[in-house]
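> sequence plus predicted model, see below.
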Amino acid sequence: MQPPAIDLRKINKSFGPVQANKNVNLKVAKGSIHGIIGENGAGKSTLMSILYGFYEADSGEILVNGKLSSIRSSKDAIYAGIGMVHQHFMLIENFSVLENVMLGAELSSSLKESKISAREELQRLSNEFGLAVDPDAITGDLAVGLQQRVEILKALYRGAEILILDEPTGVLTPQEVRQLFEILNALRKRGVSVMLITHKLQEILAITDEVTVMRGGTMVATRETATTTKEELAELMVGRKVLLEVDKTPAKPGKVLLEAKNLTIKDSSGVTRLDNVSLKVHAGEILGIAGVSGNGQTELLDVLSGIVAVQQGSVVLGGCAIDKDNVLNAKDFRHLSLGHVAEDRHKQGMVTDFSARETAIMGFQDEPEFNGRIFMNNKAVTEHCVKLMAEFDVRPGNPHLKSANFSGGNQQKLCIAREMERKPKVLLVGQPTRGVDIGAIEFIHQQVVSLRDAGSAVLVVSVELEEVMSLCDRIIVMFEGRIVGEMAAADADAQKLGLLMGNAGSESDTSAQEITAS
Amino acid sequence: MSNKTLPAWIDIGVIPLINVCMAFAVSGLVILLIGENPIEAVQYILMGAFGYDEGIGYTLYYTTNFIFTGLAVSIAFHAGLFNIGGEGQAYIGGLGVGLMCLSLDSFMPWWALFPFAIAAGAAFGAAWAFIPAYLQAYRGSHVVITTIMFNFIASALMVYLLVNVLIEPGSMAPQTRSIADAATIPSIKELFAGLGIDISNSPLNISIFLALACCVLMWLLLWHTRLGYAIRMIGFNQNAAIYSGINTKRVIVITMCISGAMAAMVGINEVMGAQERVLLDFVAGAGFTGIAVSLMGRNHPIGIVIASLLFGALYQGGAELSFEVANITSDLVVVIQGLVILFCGALSLMIKPGLEKLFIKLTAAKESADV
């Protein structure tokens, strides 16, 4: 029998007192797609980093194609035939595709000769695997899906027979995901082994042959994909039964609580980020904004929460019209009963160096309950944090612990607790469950729905389509700063939304052209 | 992960101590190269700094200046600003102190004048920091560049004022007339004399108590007020501060003004205390030393007091060393100070990873021994 492409035996790795991998055993059959699934901090990324030579395991063996290999650096990994496509692409945006592919693997010291031979090789790979990309295109101009293709070509160009893909679908539209899966299928047919790291259950079921579940640094189970279900995998990941669908009653929309009128935002270099956006959010409904990341959702949240001043158009909130002549800051918006859970909590929503109690009053630091005449009332600040932690089940419940030392889910729960505590009339939630484990997702969704049921207007921005469809009552799709579609959540499906998200049919859709070209 | 593993006492206690020792070790090598005995040199430095009452007086007098400038740099650091302009702010602040004293000294005793002098110095220092702060907050000019330039402007301005405007009539030296005796703040010698204890003369005066009070005030400001909360939030994460509705521009300007006012308190120690007049270059580099003090003291008032004491001892002991050993000039003393700054500032985290590994190993060994 053929030896497995990858055979990891008893891998152990600790960072200080934290054991990220405990006695991990993993076999990946040659020419198969093997999914690795687990919550944040389950040890997936550590394991792959060990395999790709970023970290060295404390103990254990790595066998590649049955041969014991010592992988100390990514160079060793490439030599052993392992390639990696990172979640955040490692591409130089102003290089051409060809230059990116050959970078660091030039065949000759003459650039011209290298380019000629690289071009031939690239052509061959493109034909063999059906990976059509224009070698002379500037990488930064390509659509995200195509950039990812360049990453795959880069690995294949270096002779990779084992490909690691780390959360490859996070930035793709559903159509692009489908194309990626076609590519992976083609790779599998040619004998390439693929390891797919993800936290999306449906992707695992759609494409993999086998799936391994990790939890708390250990391998919990390996299943043949055909014999398992979403529910079983979710339970294995979390260690208990979880509710995957959001449990909610139909919305009863009331009067408009937040309205955007013809908002247009240009960034500092004059690029239009938000283009004439108008929308209304009613009491008792959850409005979802779907779209591929970077199509104006961030700017929309920023302007609706007072972080960025209105440039054109206006925001109507709590009977107050905010426009460029009446600029209010984020604190004033909060006084108009608006809560805002930031899209990126590390960038905006919290200060990782602050203790939890300090993070828990952000935006409310000037409220009388936290202040004496001169000094802050530190006792009240601490008690407030303890209360939030108890209500939202934040663990560990220590208000003096540094915010950075909480897990993603608990950080998010603390942020949401802070924003929801005053029962805001309007709640903006950016990426409610980014970097949050499944157990906490359930809880967060319940909280958002309960605020809706209490008569608040909720606006959710998420790049997770499933989340938008199951959590929201009405969905708006954004593309390049514009609203390109709206529908009731009941009428939405991934296909419809995906077409709108990629703005299919318009001239800017390069990925569709590529399909026909290949 | 890195800051989780080491306990605080190692992080803020052991690491700086090792850094200082390394600086001294390298200094010792340099002294060996010159052909002198490093052990002897250390003895001279220690004796010079702490060996007799006059030496201690000088050490603490330098320490006072460094506490003021160290606090000034550190509060700006907390807001993520690198205020290199402590030198100029102290200089102009001293002008404010001097002008107030010179105009009121004929009819006010020192204790009545003291608050006015502090206010005038603080106002002048804050004003000198205000311009770079405004340019940083509202025009995007980097505060490092502008504060450095303002040091030069302050220096040129003071030369002009002392030579052409404030000079004592009939005097050749570019300095003001002396402040009336009754209007200068009492030295520690006078204080001790009042208690019936006789100590040697030194420029040490009661400004050191002002410095310690400023440490407490700074601690209260940073960790117990809304403004301090805003300052620290801006320093850690400016986006989060905007998200929290903090007017970051205004807070940046206020922080820099407080920083400038704090640096200006050097003027109280020098103009109203030690020199009893405004003279050329009385700050003598204390503004720059404040940067090293702040770095080494981890921007915490207690750390700043300790670091100031170290640098005060180095200044005074170093002076003694160059006086006692013919081969060691005052330049070498600057080298030693430079090495301390290098190891405690620029290289302060050099030994941290190694120490972390060692610590993990030791705790692991201890845990397995416990089991």
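Received it, and whenever you're ready, just let me know what you need.
> for residue A:478, list the residues it contacts.
The contact partners of residue A:478, by Cβ atoms under 8 Å, 6 or more residues apart in numbering or on different chains, come to A:277, A:289, A:290, A:291, A:295, A:296, A:297, A:300, A:484. C-beta: built from backbone N, CA, C; applies to glycine.
> that one - nearest residue in space that isn't next to it in sequence?
Nearest residue to residue A:478 in three dimensions, chain neighbours excluded: residue A:291, at 3.9 Å (Cβ to Cβ, 6 or more residues apart in numbering or on different chains).
> next, count neighbours for that neighbour.
Other residues within reach of residue A:291, judged by other Cβ atoms under 10 Å in any protein chain shown, total 30.
> residues contacting it?
For residue A:291, the contacting residues are A:297, A:463, A:477, A:478, A:479, A:501, taking Cβ under 8 Å, 6+ apart as the criterion.
> go through the contacts of residue A:478 and flag which are in strands.
When DSSP state E is applied, the contacts of residue A:478 are split such that A:277, A:289, A:290, A:484 fall in strands.
> do you know how far the residue lying closest to the first one once chain neighbours are set aside is from residue A:296?
Once its chain neighbours are removed from consideration, residue A:277 has its nearest residue in residue A:263; the separation is 4.7 Å (Cβ to Cβ, 6+ apart). Shown here: residue A:263 relative to residue A:296, a distance of 10 Å by Cβ to Cβ, to the nearest Å.
> against residue B:140, how distant is residue B:156?
For residue B:156, the distance to residue B:140 - Cβ to Cβ - is 26 Å.
> and for whichever residue of the stretch 151-300 of chain A sits closest to chain B, the neighbour number?
In the stretch 151-300 of chain A, the residue found nearest to chain B is residue A:268; the distance is 10.6 Å by Cβ to the nearest Cβ. Counted with other Cβ under 10 Å, the neighbours of residue A:268 add up to 5.
> nearest residue to residue A:425 in space, please, no chain neighbours.
The spatial neighbour of residue A:425 that comes closest, neighbours along the chain excluded (Cβ to Cβ, 6+ apart), is residue A:337 at 4.1 Å.
> equivalent analysis for residue A:410, please.
Here the nearest residue to residue A:410 in space, its sequence neighbours aside, is residue A:394; by Cβ to Cβ, 6+ apart that works out to 5.0 Å.
> what does the pLDDT read for the one you found?
As predicted, residue A:394 sits at a pLDDT of 90.
> show me what contacts it?
Contacts of residue A:394 were listed using Cβ under 8 Å, 6+ apart, and they are A:356, A:388, A:406, A:410, A:413, A:414, A:417.
> what's the answer for residue A:159, then?
The neighbours of residue A:159, taking Cβ under 8 Å, 6+ apart as the test, are A:78, A:81.
> that's a strand at it, yeah?
No. Counting by DSSP: H, G, I helix; E, B strand; the rest coil, residue A:159 is located in no strand; its state is coil.
> how near is residue B:17 to chain A?
Look at residue B:17 and chain A: by Cβ to the nearest Cβ, to the nearest Å, they are 23 Å apart.
> before we move on, which element is that residue in?
In the assignment (DSSP states H and E), residue B:17 maps to helix B:15-34.
> which elements pack onto that helix?
Helices and strands in packing contact with helix B:15-34 are listed as helix B:38-50, helix B:301-324, helix B:330-341, helix B:352-370; criterion 3 or more Cβ pairs under 8 Å, 6 or more residues apart in numbering or on different chains; DSSP states H and E.
> closest approach to chain A from the stretch 151-300 of chain B, which residue is it?
When Cβ to the nearest Cβ is the measure, the stretch 151-300 of chain B has its nearest residue to chain A at residue B:245, with 2.5 Å between them.
> that residue: neighbour count?
For residue B:245, the count of nearby residues is 23 (other Cβ under 10 Å).
> out of the contacts of residue A:394, which is nearest to chain B?
Taking Cβ to the nearest Cβ as the measure, chain B sits nearest to residue A:406 out of the contacts of residue A:394, at 12.0 Å.
> thanks again, I'm all set now.
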